[in-house]
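Participant: Make a model of this:
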Amino acid sequence: MHLMNKMAEYKCFNCGKIVKSDTVKKRVRCPYCGSKILFKPRTVNVKVKAE
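Facilitator: Residues are numbered from 1 along each chain as shown. Okay, the predicted model is just below:
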């Protein structure tokens, strides 16, 4: 099994643009609009029921 090393992505609460984790390590601000509020979007899990 091959595991990919995926960089974490954050999303700006103000403008909605994606911010890479290496940018957040330097300074916790959105590089696009300057907002200090960033969040990590969650993935949506879908449950499928067998019939």
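Participant: alpha carbons only for contacts and neighbour counts from here, please
Facilitator: OK.
Participant: give me the low-pLDDT residue ranges for the chain?
Facilitator: 1-6 (pLDDT under 70).
Participant: Which parts of it are strands?
Facilitator: With DSSP state E as the criterion, the chain has strands at 9-12, 18-20, 38-39.
Participant: Tell me which residues of the longest one come out buried.
Facilitator: Going back to what we said before, that points to strand 9-12. Using 16 or more other Cα atoms under 10 Å as the test for burial, strand 9-12 gives 9-12.
Participant: swap in stretch 34-46?
Facilitator: L38.
Participant: for that stretch, the distance to its chain's centre please.
Facilitator: Chain-centre distance of stretch 34-46: 5 Å, with Cα atoms, centre = their mean, to the nearest Å.
Participant: got the contact list for that stretch?
Facilitator: 9-14, 28-30 (Cα atoms under 8 Å, 6 or more residues apart in numbering).
Participant: Can you add distance to T43 and give those back as TSV?
Facilitator: Formatted as TSV, these follow (distance: Cα to Cα, whole Å):
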residue	distance to T43
E9	12
Y10	12
K11	13
C12	16
F13	17
N14	20
V28	22
R29	23
C30	21
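Participant: Can you say which two of those are spatially most distant?
Facilitator: E9 and N14 (15.5 Å; Cα to Cα).
Participant: wait, what's in contact with Y32?
Facilitator: 15, 17.
Participant: Against K25, how distant is it?
Facilitator: Y32 is 16 Å from K25, where distance means Cα to Cα, to the nearest Å.
Participant: now the buried residues of strand 9-12 as CSV including distance to K49?
Facilitator: Shown next, in CSV, are the buried residues of strand 9-12 (distance: Cα to Cα, whole Å):
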residue, distance to K49
E9, 31
Y10, 32
K11, 32
C12, 35
